[in-house]
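S.K.: sharing a model prediction with you, sequence too.
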Amino acid sequence: MRPISTIFRRLLIFALMATLPLTGVIGFALYRQFQSDQRRVLDQLQILAETNTQQLAAYVSNTRHKLKTLAAEDAVVDVQPAEAEAMFQSFISFNPRFANIGLLNTDGRVLVAANQKPLNPKTSLLFLDRYRDALASKDLHISAPYVRALSG
Amino acid sequence: MTTRDGERYALVTPVDLPEFAQLLTITQTLPDSEVEVVDANTGLIVIRLPAAGGPPIGQHIGDFDRFKAALKASKDGTLQYIGPDGRGLTGKAVELANTPWIVSVNVPTDAILGAAWSNFWQALIGFTLFLAISIWLIWRYALSIGRPIRALAEAAQRQTTVADIPSSPAEISDSLQAYNNMLAARRTAEACLKESEHRYRTIIDQTGQMIYDYDVRQQTVNWFGVAIQQITGYTREEYNARGVKGWKDVLHPDDREAAVRRFENCIRTGDSCHAEYRLRHKDGSYRIIEEQGVVLSDAEGQHIRMLGCMVDITDRREADRTLRETKVELQSIIDTIDGIVWEVDINTLQFTFVSPQAQRILGYPVDQWITEKDFWTKHMHPADSKWAPQFCVSEAAKNRDHDFEYRMIAADGREVWLHDIVSLVRENGRATRLRGVMVDITRHKLAEQEQARLEARLFEAQKLEQLGVLAGGIAHDFNNLLTSILGQASLAQVMLPADNAGADALNQIKNASLRAADLCKQMLAYAGKGRLETKSVELNVLIKDTVHLLEVTISKRAGLEFNLIERLPTVSGDPTQLRQVIMNLVLNASEATADPSKKIVISTGTTQATAEHLSDYQIPAEPGDYVWLEVTDHGTGMNPETLAQIFNPFFTTKATGSGLGLAAILGIVRSHRGTIRVESTEGKGTRFRILLPAAMTAAVVPTINPSPQPTGQSAGTLLVVDDDVSIRQIVSLGLSHYGYRVDEGEDGLAGVETFSRQPDRYVATLLDLTMPRLNGQEALQRIRKIRPDIKVLLMSGFNRQPNAREIALNEITAYLQKPFDLPALVDALNRLLSTGK
């Protein structure tokens, strides 16, 4: 007859042998759940990024169209300051997202501006890179953000 | 933009970024998530949401180089970089087309991993707790099992009942209870085993087998079965006291040495022992013992015991001997049965046993009967091969024993008639085999056929006899009438001038009467009652004479060819009747041919006919030397149906035939003790062959006498005695016309009285044989007593009038068959009177 201790040992080994695979299975399941959580967050980030990009793209496209339309107006083409200013103000009233709008010549001087006191006519804004880049550009130019100062 | 003056201007407008921020969306489902619009050239944040304390516009994104590197390395836009506040961020970035902007949505990396890690650790801790609790429970369970098991082991070692031990698992409790039950059952089993052993020993003892246990080393018998007394007559104690030596002493002297040697060999080699020997019983008789023993060895291989069994097989041996003798007797019976004993499978009809008689009766080896598939039906007569097996199967299906007769074809081609008597062999109430005896009944069948043939002949003979009686009865009166008609017509012809107008009518009366007489004659011939004037006849001459008369008639229909052998033996017969046979055959052949280019071949020859040879002929005849006559034509021939009837009287295929021609031939040939055979093929022709017994006496060819003419001179006085007055008158008138004077007697007695008055007055007496008061034979005897030399012409209407045959015809006694015409009467009378002159 086998000693009783041997029976106990065998029973314990049997228990471990029975639980180890269970442990492995549950560990693997946890790992898969961990990966799934990560993937789910990234998928949500991707959707969010694409949604915001589409919003901004629509905004930029709309802005480009509006500025082109405005640039084709006679008052602007003929540079009639009074008429141009009225036009600019009307424009802003319909597009409150724009803080201001101005017309600069190639020297960097402001010819017309809405809702702004005219600058000194001799003052040139070409010292600012964004204005230089804007004047050099043939199309819509977006400058870097600039806090509390004009940007365009 | 460019004005009309060609100057270039620029429209510039600042964007209100807080308003601009409204364009961006941020989801609530991602805690701590941020949206940034970053200038890709400078790394400045254009806008970020949400941001505490206002939008951090113009703030640098932080580690801009790592941001760009991550953006460049990312394939799906996933970024991991360090934010401005030094936190690790994970996000997704999308470049905005036609702008320097990159839209980036991110969350702190910790926010993602933290939740995942949190879930992971929670699950891991939970599982570890579960595992620990499980192991603890198993341990407790093992203890609860182990304790009772230990107690069980200890109890088992002590073989005691397990005491009450607390054991929670029901199975352990059940096990303990089962152990207790098992212990109780074991004790019960031991008791049963003892009882069983006792029962077994009792049974063994009752079977008559004596079991023993022999100690090889001590050379003593440890144990005997009680059957020892039954086998040897000694009690167990008596036999044990005698020991092995006692066993040797009671062995038959002839068997002792071999039995002891075999016994010792087995003990030495350890092989199992089997021996058969005779053992002397206590009563002095010897019993035949069969002994079987097995040698047992200890762990070292030493032979220590021998367990064996002794059986008294004296009765069995006796039964075997009886069985063998019975088998031999049975085989002997089967061999002596004049039939084939057989056995077949009921489903396949395949023989499984056939007695040796099969080869003797049918010639096929016994092996062939058993091995050849469908042997029975294959070798059965084609006419029986369908119905016989079907009948047998059908009867077997009805569970009935049966018997039937059929034919099989023997190996040498013989037809063998078998009477098969079949019994069903049943096993468990179901018929599985057929067993029977085929008895060869071929001889019996042939005898039956022969008997049927003889009966047919007897019937034919009886028919002929009856017809003969009928014809004979008719003939007497009919011939008398015809004699009167012919006589009156002849007389009228004589009396009337030749140019008288009535002469032709008289001729026709005579011809019709002669045809009627001929018909009557043929009927009598068929019946075998025609008057037979036997002479030695040379057949070739008779043929040529007869055919010569027919040549004119035949030549219009067919050619004639003779194939007659020289020196043909004579035959004993009536030339007139034989001529009739030849004429009938040749005329029939010519009518069947009807083509002058085809020949009728008339052949003769001799043969030594055997019984087998004669079996093909119509009339039974004795084997011997025969002269044959053959008439062959190449005419229309006959079909089998016609051929079977041609000898029947009144059967004819001719429009004007009487149907008596061939019947008369048959009767004539029969009366000549000959026989006849006919072969015919429709469209090819017919051949008749007649056999007549050969005789070696000199031949006589009958001649045809010319009709006598009246002389006008007195030729003497005649006494005419006939009870028919018309006959008397016609004969008297006719003979007086030829110069005779005629006295008449109205019957035999009157005739004798008239003759006795003047015996010398008469040159001859004409006596009718059938008369009242005194018949012709008696009258003849009386007349001859008065005058022995008186010439007498006997007359009769019976062709074979018995008295006429018994009367010896000689020079002074002649016979004339009625009817006759006047010339025939005068001719017969002249021939009688001319003899002895």
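M.R.: Arrived safely.

S.K.: which helix or strand lies directly C-terminal to the helix or strand where B:Ile102 lies?
M.R.: If you go by DSSP states H and E, B:Ile102 is part of strand B:101-108. Following strand B:101-108 in sequence order, the next helix or strand is helix B:109-158 (DSSP H and E).

S.K.: care to break chain A down by domain?
M.R.: Chain A breaks down into these domains under automatic domain parsing: A:7-72, A:81-144.

S.K.: same list (these) but as CSV, adding distance to B:Leu550, mean neighbour count and mean pLDDT.
M.R.: Every residue, glycine included, has its C-beta placed from N, CA and C. Output for those, formatted as CSV (distance: least, Cβ to Cβ, whole Å; neighbours: other Cβ atoms under 10 Å in any protein chain shown; pLDDT from 0 to 100):
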stretch, distance to B:Leu550, mean neighbour count, mean pLDDT
domain A:7-72, 131, 15, 81
domain A:81-144, 154, 16, 80
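
S.K.: between these, which one is closest to B:Thr352.
M.R.: Closest approach to B:Thr352 among these (Cβ to Cβ): domain A:7-72, 66.5 Å.

S.K.: does that closest one come close to chain B?
M.R.: Yes: interface with chain B: domain A:7-72 contributes A:7-8, A:11-12, A:15-16, A:19, A:22-23, A:26-27, A:30-31, A:33-34, A:37-38, A:41-42, A:44-46, A:48-53, A:55-57, A:59-60, A:67, A:70-71 (Cβ under 8 Å from any Cβ of the partner chain).

S.K.: counting contacts, what elements does the strand holding B:Ile102 pack onto?
M.R.: helix A:4-71, strand B:34-39, strand B:88-95 (3 or more Cβ pairs under 8 Å, 6 or more residues apart in numbering or on different chains; DSSP states H and E).

S.K.: and that strand, how far out from the chain middle?
M.R.: Its chain's C-alpha centre and that of strand B:101-108 lie 107 Å apart, by Cα atoms, centre = their mean, to the nearest Å.

S.K.: please export the C-alpha coordinates of it as PDB.
M.R.: C-alpha atoms of strand B:101-108 as PDB (Å, rounded to 0.1, in the frame of the first residue of the first chain):
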ATOM      1  CA  TRP B 101      -0.900  72.600 -39.700                       C
ATOM      2  CA  ILE B 102      -0.900  69.200 -38.100                       C
ATOM      3  CA  VAL B 103      -4.000  68.200 -36.200                       C
ATOM      4  CA  SER B 104      -3.000  66.100 -33.200                       C
ATOM      5  CA  VAL B 105      -5.300  64.400 -30.800                       C
ATOM      6  CA  ASN B 106      -3.600  62.800 -27.800                       C
ATOM      7  CA  VAL B 107      -4.000  61.500 -24.400                       C
ATOM      8  CA  PRO B 108      -1.400  61.000 -21.700                       C
END
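
S.K.: in its sheet, what does it sit against?
M.R.: strand B:34-39 (antiparallel), strand B:88-95 (antiparallel) (DSSP bridges).

S.K.: need the contact partners of it.
M.R.: The contact list for strand B:101-108, computed with Cβ atoms under 8 Å, 6 or more residues apart in numbering or on different chains, reads A:41, A:45, A:48-49, A:52-53, A:56, A:142, B:30-40, B:46, B:71, B:79, B:83, B:87-96.

S.K.: for it, which positions count as buried?
M.R.: B:Trp101, B:Ile102, B:Val103, B:Ser104, B:Val105, B:Asn106, B:Val107, B:Pro108 (16 or more other Cβ atoms under 10 Å in any protein chain shown).

S.K.: just want the angle from that strand to helix B:109-158.
M.R.: Computed by axes from the mean of the first three to the mean of the last three Cα atoms, to 10 degrees, the angle separating strand B:101-108 from helix B:109-158 equals 30 degrees.
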